[in-house]
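**Student:** Starting from these lines, generate the structure:
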Amino acid sequence: QEQLEESGGGLVQAGGSLSLSCLFSGRTLSTYMMAWFRQAPGKEREFVAAISRSGATPYYADSVKGRFTISRDNAKNTVYLQMNSLKPEDTAVYYCNADQRPSDIFKVSTYDYWGQGTQVTVSS
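**Tutor:** Residues are numbered from 1 along each chain as shown. Next up, the predicted model:
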């Protein structure tokens with residue numbers, strides 16, 4: 001049974017940085033496409049970033065491009081999201097998602113597995 005556990009969220013001032021981690025267990029991480037989504041209060045869950053199985057190809061939402069970096073270490077069964085130059089509008093619960101063959105990597109509904117989420121709050 002696949003399980004995902006996010007960590008690393010917290011409170012940070014605008015312009016600061018946070019690093020999120022997602023520990024994957026149950027199966028071999030290298031066979032899964034991985035992604036981060038986020039959900040702010042009163043809003044729908046939105047795509048943040050995704051990364052190919054090998055880690056060679058990242059994908060980013062326009063809103064985070066140039067500020068966030070997604071990476072993975074398959075040997076450690078962990079996916080990361082480095083967030084720099086944080087803005088108040090980045091405040092949300094961040095979720096790690098996994099799927100072996102997502103039909104659309106930008107849509108949360110195509111991922112079969114996700115974690116409980118970690119809260120990121122950016123103060124102005």
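**Student:** And for V12, the neighbour number?
**Tutor:** Using other C-beta atoms under 10 Å, V12 is surrounded by 17 other residues. For the C-beta atoms, the positions are set from N, CA and C on the backbone; glycine is no exception.
**Student:** How far off centre is the host helix or strand of it?
**Tutor:** Under the criterion of DSSP states H and E, V12 resides in strand 10-13. In terms of C-alpha atoms, centre = their mean, to the nearest Å, the centre of strand 10-13 is found 17 Å from the chain centre.
**Student:** Quickly run through the sheet partners of that strand, with directions.
**Tutor:** With DSSP bridges as the test, strand 10-13 is paired with strand 118-123 (parallel).
**Student:** Roughly how far does the residue of the chain positioned farthest from its centre sit from D112?
**Tutor:** Within the chain, S124 marks the point farthest from the mean C-alpha position, 22.6 Å out by C-alpha atoms, centre = their mean. To D112, S124 is 37 Å away according to C-beta to C-beta, to the nearest Å.
**Student:** ok, now T28?
**Tutor:** T28 is 15 Å from D112, by C-beta to C-beta.
**Student:** Excluding chain neighbours, what is closest to T31?
**Tutor:** Of all residues not flanking T31 in the chain, Q100 sits nearest, at 5.6 Å (C-beta to C-beta, 6 or more residues apart in numbering).
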